[in-house]
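When you get a sec, could you give me coordinates for this:
(one chain, ligands or ions: 1)
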Amino acid sequence: MSDHQSSSFNRRAFLEKSAKTITAGAAIQALSAFSFAAATTACGSSSASTNPASTTPPQPIPRQSMPRPIDWPANIGASKQVVILGAGIAGMTAAFEMKKLGFSCTILEATSRAGGRVRTIRNGDQIIETDSTQSCVFDDSPELYFNAGAARIPHHHELLLGYCRQFDVAIEPFINENKSSLFHSASAFNNQPKIARQVVSDSQGYIGELLASAINQGALDNDLSTTEKNNLLGLLQQFADLDSNFSYQGSSRAGFPGQENIGSRQRGANITPIPRGELLQSEFWQFKLDFFKDLNQQAAMLQPVGGMDAIPKAFEARLTNEIIYDAVVTQIRKTGSGENAGVAISYQDVTGNQLSVAADFCICTIPAPVLKDIANDFSAAHQSEIANFTYSRAGKLAFQSERFWETNHNIYGGISWTDQDITQIWYPSAGLGQSQGILLGAYTFGIVQGDRFSAQTPSARIASGITQASAIHSNFSSQVTNGISISWPKIPFQLGGWGNSQASVLLTEDNNIFFAGEHLSILQGWQEGAILSAYSAVDLVVAKLQ
Ligand SMILES: Cc1cc2nc3c(=O)[nH]c(=O)nc-3n(C[C@H](O)[C@H](O)[C@H](O)COP(=O)(O)OP(=O)(O)OC[C@H]3O[C@@H](n4cnc5c(N)ncnc54)[C@H](O)[C@@H]3O)c2cc1C
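Numbering: from 1, shown residues only. Modelled structure (predicted):
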C-alpha cells in the first residue's frame, strides 16, 4: 500500500465509522484521536508560561490521518451549495478547495476586506476599534508596514507554505531569535537590559560547570559508565565553553568588554561573567530565554515579502466571484430535514438591507466571541461551547523610526523581552539596512497585560509604550514616531486574539452546519491551524455526501 493509499484508508475507515451516523460524543472521541481537539502553543505565547494548555507537551499530528484535499473525490460537490461565513484564512481555504470539488460557494464577509486576523497596516489605512479610530501615517514605502495580526510563519507550516508556493507568494526569512537582542526585567540586573548572548552564554556556562563538577566528584557514578562520563564531560565542555579544568571563566560567545553592543573589533579577555548568584537571583529564565526552542518558534521562520496580507490577497484573487463583502451575518438558521436539510443565512449589506442565502451546507468560521451573539438554530451543546470559548487579549503597538537598533546596537531582526506590559520589542526583518523601519514597540498577549493595554486609549498606549521601551533603549522616545496600535479584543467582528479553550462539540456538525477557524485546530493562533480546521470541516461535508 502506498503512503497515499494507506492514508486514505485510515481516514476513510474513520469517516465511514463516524460521519454519517455520528453522535456528538463519539465524534469528539474520534476527532480527538485524530488530534484536532488539543491545542499546542499559539503564535505569541511561550509554552512555558502563558498558554493554559502549556503543561501538555505538543502532540504530534498523525500525518497519515490528516484530512487532505488529495483524498476528496472529484466533483463530489456538483449541484451542491455551500455558504461560508467569514473570509479569513479558514473560510477562504474551505471555499478554494470546495470550489475545486464542484461545490457552488458563497462567502459572506462582514468587512470590506478578506483576511480577518491576517492584516497589514500601511500608510493611509485605518484601525477602527469599538471605541476609537486611528489612521496610519507611516511614510509610504514598501517596507514600512505593520503586520497587526499574523506576522511569522514556522518553516513546518507546510500547508500554508504550500499555498504560498501554489499562489506565487514570495517569502523571505523572518528573524525570530537574535542573540544581540535584549532581556530586561525591572527587578533584575539593576533594571539594566542584558544582551541575550551574555545571559545565554553565562547560564549555559554555569550549568555545564556544575554538572561537570558533579561528574568529577563521582556524584553520578551510579548513573554513568566511565565512557559515558568522559563523553558527557566532552559534551559539557562544548555546550558551556568550559576551560581544560571544566571551569567556566566566561566565553567569547558572550561578547567582549566594552563592546557588548558593537561586536568584537578588540578581542582580548572575555567579558566578566555575570556572577552566578546574581544570575540566579535575577530569575533570568523568566525572560523567555527558551521561547525560541518551542517547535513553532524555531528557525527558520518566514514571512511574505511586503506584508502578511499577500497571502489572503492571493486567496481573494482566486475567489472574486464567491466573496460578498460588507455582508454582516445576522441569523444562521436550519431548514428542512432529512434529505432536504439545508441552511438559510440572513445578512445585512452596507446600506442596511436584509438579505439571505440558502444553501445545502454552511461552514461557519466566525470567531466565537462574535458568533455567540448572532441569532442561530445551533444545538444547545454547540451554543454552550461557543458562549464559553475564551480568547487571548492580544495587542500590538508599532512605530516608524530610523533604524537605531541596527546602527547603534547591531540588532538586525529578532525580539527583545521585558517583564513590563509591552512584553516584546520586535525589530523588523524587512528592509534591513535601509534608513527607516517599522518597530514593534509592544506585543501583549497575557490576560492582565492585554486587558490593561486594551483599556488604554491609542495615545495612552503610545505614551506608556514609549516609557516602558525606554528602559530597554534609552533613546527610544527621541527616535520613534507615527505610533499606531491594535487591541484585537476591540476589533469589530474579531473581539479577541486567538482561541485558547479546548474545542470538542464544535468539531462535530450540527445538522448541515459545520464549524472551522483557528480556534478549532491543534494549532490555535496560527494560520496553519485555520487551514487545518477548514480541511477538517470540508472533510466532514465530503463524508456526508459519500
Ligand atoms: C496578534 C496576533 C498575532 C498572530 N500571529 C500569527 C503569526 O505570527 N503567524 C500565524 O500564522 N498566525 C498568527 N496569528 C493567528 C492567525 O492570524 C489566525 O490563526 C488566522 O488568521 C485565523 O483565521 P480564521 O479564518 O480562523 O479567522 P479570522 O481571520 O478571524 O476570519 C474570520 C472572518 O469572519 C469575519 N466575520 C466575523 N463576524 C462576521 C459576521 N457577523 N458576518 C460575516 N463575517 C464575519 C471576520 O471579519 C473575519 O474576516 C496571529 C493572530 C493575532 C491576533
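
domain parsing for this protein?
Using automatic domain parsing, the domains assigned to the chain come out as 3-115+322-391+499-544, 120-151+174-180+392-490, 189-282.

out of these, nearest to Phe167?
Closest to Phe167 of these is domain 3-115+322-391+499-544 (CB to CB; 9.6 Å). Every residue, glycine included, has its C-beta placed from N, CA and C.

out of the domains of the chain, nearest to the ligand?
Ranking these by proximity to the ligand (CB to the nearest ligand atom) places domain 3-115+322-391+499-544 first, at 2.1 Å.

now the closest one, how far from the centre of its chain.
Centroid displacement of domain 3-115+322-391+499-544 relative to its chain, using CA atoms, centre = their mean, to the nearest Å, is 19 Å.

what does stretch 224-241 give?
Using CA atoms, centre = their mean, the offset of stretch 224-241 from its chain centre is 38 Å.

who in the stretch 351-500 of the chain is up against the ligand?
Contact residues (CB under 6 Å from any ligand atom) of the stretch 351-500 of the chain with the ligand: Thr365, Ile366, Pro367, Val370, Ile374, Ala394, Lys396, Trp488, Phe493, Gln494, Gly497, Trp498.

what's the neighbour count on the fourth one?
Neighbourhood size, Val370 [other CB atoms under 10 Å]: 19.

who's in contact with it?
Listed by CB atoms under 8 Å, 6 or more residues apart in numbering, the contact partners of Val370 are Phe493, Gln494, Leu495.

I figured the second one was touching Pro367, is that so?
Yes: counting by CB atoms under 8 Å, Gln494 does reach Pro367; the two are 5.8 Å apart.

how about the strands in the stretch 101-250 of the chain?
In the stretch 101-250 of the chain, the segments counted as strands under DSSP state E, counting those that start in this stretch are 104-108, 120-121, 126-129, 132-135, 146-147, 153-154, 171-174, 182-184, 194-195.

Looking at the residue lying closest to Ile324 once chain neighbours are set aside now. What's its pLDDT?
In space, and not counting its chain neighbours, Ile324 is closest to Leu108: 5.5 Å by CB to CB, 6 or more residues apart in numbering. Reported pLDDT at Leu108 in the predicted model: 98.

next one: Pro273
Value for Pro273, per-residue pLDDT: 94.

Could you do the one 3 residues further on as well?
Here the pLDDT value assigned to Arg276 is 94.

Going C-terminal from the strand or helix carrying Ile311, what's the next secondary structure element?
Counting by DSSP states H and E, the element that carries Ile311 is helix 310-317. Per DSSP H and E, helix 310-317 leads on to strand 323-324 as the next helix or strand towards the C-terminus.

Can you give the contact residues for that following strand?
Taking CB under 8 Å, 6+ apart as the rule, strand 323-324 contacts Ala87, Met92, Ala95, Thr106, Ile107, Leu108, Glu109, Ala114, Glu316, Tyr347.

quick one: contacts for the second one?
Taking CB under 8 Å, 6+ apart, we find Met92 in contact with Ile107, Ala114, Pro312, Phe315, Glu316, Leu319, Ile323.

Burial check on the second one, number of neighbours?
Residues lying near Ala114 (other CB under 10 Å) number 23.

Equivalent analysis for the fourth one, please.
Residues near Phe315, counting by other CB under 10 Å, number 23.

pLDDT (mean, whole number) over stretch 311-326?
98.

quick one: is it near the ligand?
No: using CB under 6 Å from any ligand atom, stretch 311-326 never reaches the ligand; the gap is at least 8.3 Å.

returning to that earlier point: right, and the domains of the chain - which one's nearest Asn296?
Asn296 lies closest to domain 3-115+322-391+499-544 among these, at 5.8 Å (CB to CB).

Counting by contacts, list what the helix ranked longest in the chain packs against.
When the chain is parsed with DSSP state H, its longest helix is helix 196-216. With contacts taken as 3 or more CB pairs under 8 Å, 6 or more residues apart in numbering; DSSP states H and E, helix 196-216 sits against strand 182-184, helix 226-240, helix 276-281.

so does the helix or strand following the last one get close to the ligand?
For helix 276-281, the following helix or strand on the C-terminal side (DSSP H and E) is strand 301-304. No: shown here: strand 301-304 not in contact with the ligand (CB under 6 Å from any ligand atom), separated by at least 8.5 Å.

Ser132 contacts Gln456, doesn't it?
No: counting by CB under 8 Å, Ser132 stays clear of Gln456, with 9.9 Å between them.

So if I had to pick from the two, which one is more boxed in?
Between Ser132 and Gln456, counting by other CB under 10 Å, Gln456 is the more crowded of the two (19 against 14).

Skipping its backbone neighbours, what lies nearest that one in space?
Gln456 sits nearest to Ser464 (CB to CB, 6+ apart), 6.7 Å away.

What parts of the stretch 201-350 of the chain come near the ligand?
Counting by CB under 6 Å from any ligand atom, the residues of the stretch 201-350 of the chain lying close to the ligand are Val328, Val329.

where do the helices sit along the stretch 1-150 of the chain?
Using DSSP state H, counting those that start in this stretch, the helices of the stretch 1-150 of the chain run over 3-18, 24-33, 89-100.

average pLDDT for the shortest one?
Here helix 24-33 scores 37 as its mean pLDDT.

thinking again about what came up before, what comes up buried for the longest helix of the chain?
196-206, 208-209, 211-212, 215 (16 or more other CB atoms under 10 Å).

now swap in stretch 363-380 and tell me
Buried, per 16+ other CB under 10 Å, within stretch 363-380: 363-372, 374, 376-379.

so Arg117 sits right up against Ala87, yeah?
No: the criterion here is CB under 8 Å, and Arg117 misses it with Ala87 at 11.6 Å.

Could you tell me the phi and psi values at the residue nearest to Gln456?
Backbone torsions for Ser464, taken as degrees, to the nearest 10, come to phi -70, psi -30.

same question, Ala148
Dihedral angles for Ala148 - degrees, to the nearest 10 - are phi -70, psi -30.

Run a quick neighbour tally on it.
27.

OK, contacts around it?
Ala148 touches Arg119, Thr120, Ile121, Ile127, Lys396, Ala398, Ile486, counting by CB under 8 Å, 6+ apart.

try it again with 6 Å
Residues near Ala148 by CB atoms under 6 Å, 6 or more residues apart in numbering: Arg119, Ile121, Lys396, Ile486.
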